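[1] here's my sequence, what's the structure:
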Amino acid sequence: MGRSQAVPRGDSRFGPEGDDSGSPILHVDMDAFYASVEVHRDPSLKGRPVVVGGVGPRGVVSSASYEAREFGVRSAMPTARARALCPAAVFIPPDFTAYTAASRAVMGIFRDVTPLVEPLSLDEAFLDVAGARRLLGPPAAIARLIRSRVQDELGLTCSVGVAPTKFVAKLGSTRAKPDGLLVVPADQVLEFLHPLPVAALWGVGEKAAETLGRLGLRTVGDVARAPVGMLRSGLGEAASTHLHELSWGRDPRRVTPELVDKSIGAEVTFDTDVADPAVIRRALLSLSEKTGARLRRSGQVGRTVSIKVRMADFRTVSRSRTLPGPTDVAREIFDTAWALWEALGVGGAAGTRRAGADQQGLGGRIRLVGVRVEGLTQAGATPHQPALGEPEHGWRDAEAAVDAAAAKFGRAVVRPASLLRRADDG
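    A predicted model of the protein is given here:
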């Protein structure tokens, strides 16, 4: 059961008008974010079931509009299952360039309110608005301001939980969905928490919920009233302490403004398992292009390039190589990724095993490949050291020009020639 399904809605005791004087933490969650961005881009989709995700036979749903959810479509569901549940839905492959741009605009609105913004993903964040009260009013009023600006400026909706802690604020935004606001007063936290099912607690997945159920613990209140020794016997020391604290509404974590990406990358799951090195090469080139573009958009560079390869039997291996200097250049990323692939000796990589190749010799067909750059630093703080013989205007300038063209005309307007669909490809 997902966290959103674990939090019941419609309890009239909690709504947008509660006492927010002791509740300075906001959790803002965009509603069906990717699908909503697509509807905003194409208003003809309004009111129709829209599903964003992989459209191939192994595709997975990334986002579903509320019209699609009425048919049982959910995120992380196989696309084939979503098609069976809602054959009339509009299925759209994800466009992360558009979602990232919308996310930047959303986060900009949040940061106009307070510098204490902790993004959790493209579509949700925690805010601490204690310092904004004098200028903008109480927390619930600030939440209304945010919701109004997101709607008016971006044509999107969001749901907001207002509470004393991050944990309770996130539960509040879930219960406020879609397009709602819920305030949990500080003196009513336990009244809000204790009727909820145990799956509402952070850290309680399906297995933990089964374990708690066998102990007769089905609600958060049951967990709160249970002897800690009982929890410890079923879940261990660390988990039992964590859940006991949460069940009493205790969550000391502060809103941390800057979450630095540890890595940036992309991966692809093939519609059918592949063994052709030419197909793998084109996939790694495409993923390197995406990774380089994402690095440049984020203003970061990295020194370590890694690849991930998942075989048809789900064996997964990864390899990495640290470069002499940091890069955000797709060509450098690809050259390193392809060298790592060749060294793996997978199947018929580059036709033959190379001398010095990885001695595992994995063999077989490939289900997924990924490219990632790690060891990130800010590009502006990292001077570029030209290599001996490097032209004054090289790949970095060429890719910057591609970025400029893509920003105006779309990423597909300029691509490496090997990624262009050939006539005999259909």
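
[2] any idea how far Arg134 is from Leu344?
    The spacing between Leu344 and Arg134, counted by Cβ to Cβ, to the nearest Å, is 59 Å. Bear in mind the C-beta positions are built from the backbone N, C-alpha and C, glycine included.

[3] same check, this time on Gly265
    Distance of Gly265 to Arg134, computed by Cβ to Cβ: 43 Å.

[4] settle it for me: which of these two has more neighbours?
    Ranked by neighbour count (other Cβ atoms under 10 Å), Gly265 and Arg134 place Gly265 first, with 22 against 7.

[5] where does the more buried one land in three-state SS?
    Judged by DSSP: H, G, I helix; E, B strand; the rest coil, the three-state class of Gly265 is strand.

[6] look up how far Ala330 lies from it.
    To Ala330, Gly265 is 12 Å away according to Cβ to Cβ.

[7] Arg83 too?
    For Arg83, the distance to Ala330 - Cβ to Cβ - is 34 Å.

[8] more neighbours: which of the two?
    Neighbours were counted for Arg83 and for Ala330 using other Cβ under 10 Å; Ala330 has more, 27 against 17.

[9] next one, pLDDT for the more buried one please.
    pLDDT for Ala330: 93.

[10] and for Trp395?
    Taking Trp395 on its own, its pLDDT is 56.

[11] can you check the one 3 residues further on too?
    Per-residue confidence at Ala398 stands at 59 (pLDDT).

[12] same question, Gly375
    pLDDT, Gly375: 88.

[13] so which bits of the helix or strand encompassing it are buried?
    In this structure, Gly375 sits in strand 366-378 according to DSSP states H and E. Neighbour counts using 16 or more other Cβ atoms under 10 Å place Ile366, Arg367, Leu368, Val369, Gly370, Val371, Arg372, Val373, Glu374, Leu376 of strand 366-378 among the buried residues.

[14] name the nearest of those residues relative to Phe91.
    Using Cβ to Cβ, Leu368 is the member of the buried residues of strand 366-378 that sits closest to Phe91, with 20.8 Å.

[15] in three-state terms, label the closest residue in space to that closest one that isn't next to it in sequence for me.
    Spatial nearest neighbour of Leu368, excluding adjacent residues (Cβ to Cβ, 6 or more residues apart in numbering): Arg310 at 3.9 Å. Recorded secondary structure, Arg310: strand (three-state DSSP).

[16] doesn't Gly364 make contact with Arg310?
    No: Arg310 is beyond contact range of Gly364, at 10.7 Å (criterion: Cβ atoms under 8 Å).

[17] give me the more crowded residue out of the two.
    In this view Arg310 and Gly364 are compared by other Cβ under 10 Å, and Arg310 has more residues nearby, 19 against 13.

[18] relative to Pro16, how far out is the more buried one?
    The gap separating Arg310 from Pro16 is 46 Å, by Cβ to Cβ.

[19] sorry, back to before: so what's in contact with Gly265 and Ala330 at the same time?
    Thr291 (Cβ atoms under 8 Å, 6 or more residues apart in numbering).

[20] what's the neighbour count on the closest residue to Leu136 other than its chain neighbours?
    Distances taken as Cβ to Cβ, 6+ apart place Ile142 nearest to Leu136, at 5.1 Å, with adjacent residues excluded. Ile142 sits with 23 neighbouring residues when counted by other Cβ under 10 Å.

[21] name the element Gly72 belongs to?
    Per DSSP H and E, there is no helix or strand for Gly72.

[22] ramachandran angles for the closest residue in space to it that isn't next to it in sequence?
    Once flanking residues are discounted, Gly72 sits nearest to Leu85: 4.8 Å by Cβ to Cβ, 6+ apart. Torsion angles at Leu85 (phi, psi; degrees, to the nearest 10) stand at phi -70, psi -40.

[23] number the residues from 74 up from this point.
    From this message on, residue numbering opens at 74, which makes the last subject Leu158.

[24] any idea how far Leu158 is from Ala137?
    From Leu158 to Ala137 the distance is 10 Å (Cβ to Cβ).

[25] those two - which one has more neighbours?
    Counted by other Cβ under 10 Å, Leu158 and Ala137 do not tie: Ala137 has more neighbours, with 27 against 19.

[26] tell me the contacts of that one?
    Shown in contact with Ala137 (Cβ under 8 Å, 6+ apart): Ala105, Ala108, Pro122, Val123, Val124, Val125, Val146, Arg147, Ser148, Ala155, Ala162.

[27] mind picking the lowest-pLDDT entry from the residues you listed?
    Least confident entry in those, by pLDDT: Ser148, with 92.

[28] can you tell me which helix or strand the nearest residue to it once chain neighbours are set aside belongs to?
    In space, and not counting its chain neighbours, Ser148 is closest to Val134: 5.4 Å by Cβ to Cβ, 6+ apart. Using DSSP H and E, Val134 sits in strand 134-137.

[29] show me what whichever strand or helix holds Gly181 is packed against.
    Secondary structure assignment for Gly181, by DSSP H and E: helix 169-186. Judged by 3 or more Cβ pairs under 8 Å, 6 or more residues apart in numbering; DSSP states H and E, helix 169-186 is in contact with helix 106-114, strand 190-194, strand 197-201, helix 212-227.

[30] buried sites along that helix?
    Buried residues in helix 169-186, counted by 16+ other Cβ under 10 Å: Phe169, Thr170, Tyr172, Ala175, Ser176, Val179, Ile182, Phe183, Val186.

[31] again with stretch 192-202
    Quick answer for stretch 192-202 (16+ other Cβ under 10 Å): Pro192, Leu195, Asp196, Glu197, Ala198, Phe199, Leu200, Asp201, Val202.

[32] what average pLDDT does the helix or strand hosting Ala311 get?
    Using DSSP H and E, Ala311 falls within helix 310-320. Taken as a whole, helix 310-320 carries a mean pLDDT of 91.

[33] how far does that helix sit from its chain's centre?
    Between the centre of helix 310-320 and the centre of its chain there are 26 Å (Cα atoms, centre = their mean, to the nearest Å).

[34] so what touches that helix?
    Here helix 310-320 makes contact (Cβ under 8 Å, 6+ apart) with 240, 266-267, 274-277, 281, 293-294, 296-297, 301, 304-305, 307-308, 324.
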